[in-house]
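>>> Below is the sequence, then the predicted model.
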Protein chains: 2
Amino acid sequence: MSDELPALPWERARRRPGPTRIPLTRDRIVDAAYAVLDREGYERLSMRQVAAELGVAVSALYAHVTGKDDLLELMYARLFTGWDLPTPDPERWREQVRDYARTGRAKLLEHRDMARLSMGETPFGPETLPHLEQLLGLFRAAGLPDRLAGAAGDVISTFIDGFALEESMWEARRQEAGERSWADMRETLRLYFRDLPPERFPNLTSLGDLMLVSGNDERFDLGIEIIIRGLASFAEEAARNADPSPSAEPGRD
Amino acid sequence: MSDELPALPWERARRRPGPTRIPLTRDRIVDAAYAVLDREGYERLSMRQVAAELGVAVSALYAHVTGKDDLLELMYARLFTGWDLPTPDPERWREQVRDYARTGRAKLLEHRDMARLSMGETPFGPETLPHLEQLLGLFRAAGLPDRLAGAAGDVISTFIDGFALEESMWEARRQEAGERSWADMRETLRLYFRDLPPERFPNLTSLGDLMLVSGNDERFDLGIEIIIRGLASFAEEAARNADPSPSAEPGRD
DNA sequence: CAGCATACATGAACACTGTTCTCAAAACGA
DNA sequence: TCGTTTTGAGAACAGTGTTCATGTATGCTG
């Protein structure tokens, strides 16, 4: 090639034969950030790692992204792309809430440590607002009083995020503990509970087994079911209060 | 109680009065860490800041604490000191669950960003296990089937932590946004919701006001009430299944 | 085709972070 | 008084987010 002479300064005009430099975009940066997240985890997700993933200097990122916070927001926003929202149906609101929760958990578990990233982001961006909107529509379709809609959203959201966060944290502990599989990890925990002093921890020792045999999926569904029943209780109460006098003026308290 | 335990070697220096250097202890380090947390926030809580707070070199901390993770664990554990747990009462389980949740939230809000610290710690230490135990006892006293006890704990815990986390995040945003009071912040949000396009966000625009007039306390209580009703629903179902045949052998499904 | 303006990427630098290392000084037992 | 051990100090390493002046490549204009 040209190894006999070092590159002379005025030879800079030499046409580069290879592919021209692909311009950096926000999308490409988010892609790279996800790659780093999946490979290295949340703690080691740094601007420098992302830049290295793209084969680019760190400062180049700052032309497209105002900072790490901004990048995290973009990653969070992508969580909601391609998440179809059905129109609220009063007949099927239970299944719809259940489906929403399940997809939410699944999306959070799609990428490593995604739940940790999700906490710490406020769901008021253009991608997330429709979800808030739809959740509220679901609660209204269920017949929930307006006063309770916000609280219902809090309960559902915190459960989805919190449950996924706990899962990803156990996953992290499992990895650094060197446990091979989840079954081994569960066995370790089962033995830990079993060997607690029964006089001080009667419930943990007796329930420990039961709590650990059921997988995370079942546990998540049970939690969602508890919440749904709570919502249903309020909805039924509201229906009872409104039903006896359908001809009177609508509820005004 | 434990005042006459002379075994701690580094406390013997206390014999000599005067301006001798006060020996470092884990407790003093945790105190200083809390002081830094309250003043600077979670992001700026660093080993160097803690050392500076004590007027001590960074490396001195590492003689008493294996690392920052260890220090965070100690801080988390202190959250549970002086948290009295009543014995589960089947007649009053609702109030007891409610009280537990309220105290939990209050403790988390006692120190700045404490909720963010709380997430990321597993509640299996010697200080926290009794709380898990008591929560399970509460659910059993309520008549909840054993299968559901774990899920019930998940729902309650994630709600307490998640709600407090959201609160502390709004508090942080308020501070950096320069809003003077919570009322101003609420007004800003109210206007934000009001000015959304109503055809795309009918629920948010109509419910926005209502969601924001009620304070956080009320919202938290409503969320807890939803969960309690969900638990009650399962408990009643279990009672119905066991009640019709009190003379037969106990429920075995 | 040449020249230019502008968007783009660079590398070095700053002020931090957690952690570890060697080394000095103080407090203890003898 | 002498060691010995405990305990803190200071520097150093490998990172972090962010900003800056400096350069380079691109696409548009004449």
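That came through, no problem.
>>> Point out the residues in the stretch 51-200 of chain A that sit beside chain B.
Residues of the stretch 51-200 of chain A lying close to chain B by Cβ under 8 Å from any Cβ of the partner chain are A:116, A:119-120, A:122, A:124, A:129-130, A:132-133, A:136-137, A:140, A:146-152, A:154-155, A:157-159, A:161-163, A:165-166, A:169-170, A:173, A:192, A:196, A:200. C-betas here are computed from N, CA, C, even on glycine.
>>> can you tell me how far residue A:48 sits from residue B:44?
Using Cβ to Cβ, to the nearest Å, one obtains 21 Å as the distance from residue A:48 to residue B:44.
>>> Of the residues of the stretch 51-200 of chain A next to chain B, select the buried ones using a ChimeraX command.
Buried subset of those, written as a ChimeraX selection, criterion 16 or more other Cβ atoms under 10 Å in any protein chain shown:
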select /A:116,119,120,129,132,133,136,137,140,146,147,148,149,150,151,152,154,155,157,158,159,161,162,163,165,166,169,170
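>>> So for the biggest helix by length in chain A, mean pLDDT?
For chain A, the helix with the greatest residue count under DSSP state H is helix A:146-177. The average pLDDT within helix A:146-177 is 91.
>>> by how many degrees do whichever helix or strand comes after it and helix A:146-177 diverge?
Downstream of helix A:146-177, the next assigned helix or strand under DSSP states H and E is helix A:182-194. Relative orientation of helix A:182-194 and helix A:146-177, computed by axes from the mean of the first three to the mean of the last three Cα atoms, to 10 degrees: 100 degrees.
>>> Remind me what helix A:182-194 packs against, helices and strands.
With contacts defined as 3 or more Cβ pairs under 8 Å, 6 or more residues apart in numbering or on different chains; DSSP states H and E, the packing partners of helix A:182-194 are helix A:146-177, helix A:202-213.
>>> and that helix with helix A:202-213, angle?
Going by the same axes, to 10 degrees, helix A:182-194 is angled at 170 degrees with respect to helix A:202-213.
>>> Tell me the gap between helix A:182-194 and the middle of its chain.
With Cα atoms, centre = their mean, to the nearest Å as the basis, helix A:182-194 stands 26 Å off its chain's centre.
>>> Contacts for it next, please.
A:170, A:174, A:177, A:179, A:204-205, A:208-209, A:212, B:124 (Cβ atoms under 8 Å, 6 or more residues apart in numbering or on different chains).
>>> again, only using 10 Å
The contact list for helix A:182-194, computed with Cβ atoms under 10 Å, 6 or more residues apart in numbering or on different chains, reads A:170-171, A:173-175, A:177-179, A:181, A:201, A:204-209, A:211-213, A:215-216, B:124, B:129, B:132.
>>> again with stretch A:84-95
A:96-100, A:103, A:130-131, A:133-144, A:224-225, A:228-229, A:231-232, A:235, B:203.
>>> DNA strand D contacts on the stretch 51-200 of chain A?
Within the stretch 51-200 of chain A, the positions near DNA strand D by Cβ under 7 Å from any atom of the strand are A:58-59, A:62, A:67-69.
>>> out of those residues, which touch DNA strand C?
Okay, of those touching DNA strand C (Cβ under 7 Å from any atom of the strand), that's A:58-59.
>>> follow-up on the earlier one: weed out the non-buried ones from the contacts of stretch A:84-95.
Buried among the contacts of stretch A:84-95 (16+ other Cβ under 10 Å): A:96-98, A:100, A:131, A:133-144, A:224-225, A:228-229, A:231-232, A:235, B:203.
>>> So which of those sit within helices?
If you go by DSSP H, the buried ones among the contacts of stretch A:84-95 have A:96-98, A:100, A:131, A:133-141, A:224-225, A:228-229, A:231-232, A:235, B:203 in helices.
>>> Which residue, other than its chain neighbours, is closest to the residue nearest the centre of chain A?
Nearest to the mean C-alpha position of chain A, by Cα atoms, centre = their mean, lies residue A:108 at 3.3 Å. Of all residues not flanking residue A:108 in the chain, residue A:164 sits nearest, at 3.9 Å (Cβ to Cβ, 6 or more residues apart in numbering or on different chains).
>>> So the one you found sits against residue A:102, correct?
No - if you go by Cβ atoms under 10 Å, residue A:164 and residue A:102 don't touch, sitting 11.2 Å apart.
>>> and residue A:61, how far is that from residue A:71?
Distance from residue A:61 to residue A:71, by Cβ to Cβ: 8 Å.
>>> More neighbours: the two, which one.
When residue A:61 and residue A:71 are compared for neighbours, residue A:61 comes out ahead with 24 against 21, by other Cβ atoms under 10 Å in any protein chain shown.
>>> Any figure for the gap between the residue in the stretch 151-253 of chain A that DNA strand D sits nearest to and residue A:39?
For the stretch 151-253 of chain A, the residue closest to DNA strand D is residue A:172, as judged by Cβ to the nearest atom of the strand, at 17.4 Å. To residue A:39, residue A:172 is 14 Å away according to Cβ to Cβ.
>>> More neighbours: which of those two?
Per other Cβ under 10 Å, whichever of residue A:172 and residue A:39 has more neighbours is residue A:172, with 17 against 12.
>>> Distance of the more buried one relative to DNA strand C?
15 Å (Cβ to the nearest atom of the strand, to the nearest Å).
>>> shouldn't that residue be in contact with residue A:42?
Yes - the criterion here is Cβ under 10 Å, and residue A:172 meets it with residue A:42 at 8.9 Å.
>>> any shared contact partners between these two?
A:112-113, A:116.
>>> Remind me which helix or strand residue A:30 belongs to.
Assigning secondary structure by DSSP H and E places residue A:30 in helix A:26-40.
>>> likewise residue A:64?
Counting by DSSP H and E, residue A:64 is found in no helix or strand.
>>> Looking at it now. What's its pLDDT?
Looking at residue A:64, the pLDDT reads 92.
>>> which one is it nearest to, not counting chain neighbours?
Closest to residue A:64 by Cβ to Cβ, 6+ apart is residue A:26, at 5.2 Å.
>>> quick one: that neighbour and residue A:204, what's the gap?
48 Å.
>>> Over to residue A:39?
From residue A:39 to residue A:204 the distance is 37 Å (Cβ to Cβ).
>>> repeat for residue A:210
Residue A:210 is 11 Å from residue A:204, by Cβ to Cβ.
>>> Ok, residue A:181 next?
From residue A:181 over to residue A:204 the distance is 24 Å, taken as Cβ to Cβ.
>>> Those two - which one has more neighbours?
A side-by-side neighbour count of residue A:181 and residue A:204, using other Cβ under 10 Å, places residue A:204 first with 21 against 9.
>>> how about the residues of the stretch 1-150 of chain A near DNA strand C?
Contact residues (Cβ under 7 Å from any atom of the strand) of the stretch 1-150 of chain A with DNA strand C: A:21, A:23-24, A:51, A:55-60, A:63-64.
>>> Check pLDDT for the residues you listed and point me to the minimum.
Within those, lowest confidence goes to residue A:21 (57).
>>> what's around residue A:43, how many residues?
Residue A:43 has 9 neighbours, counted by other Cβ under 10 Å.
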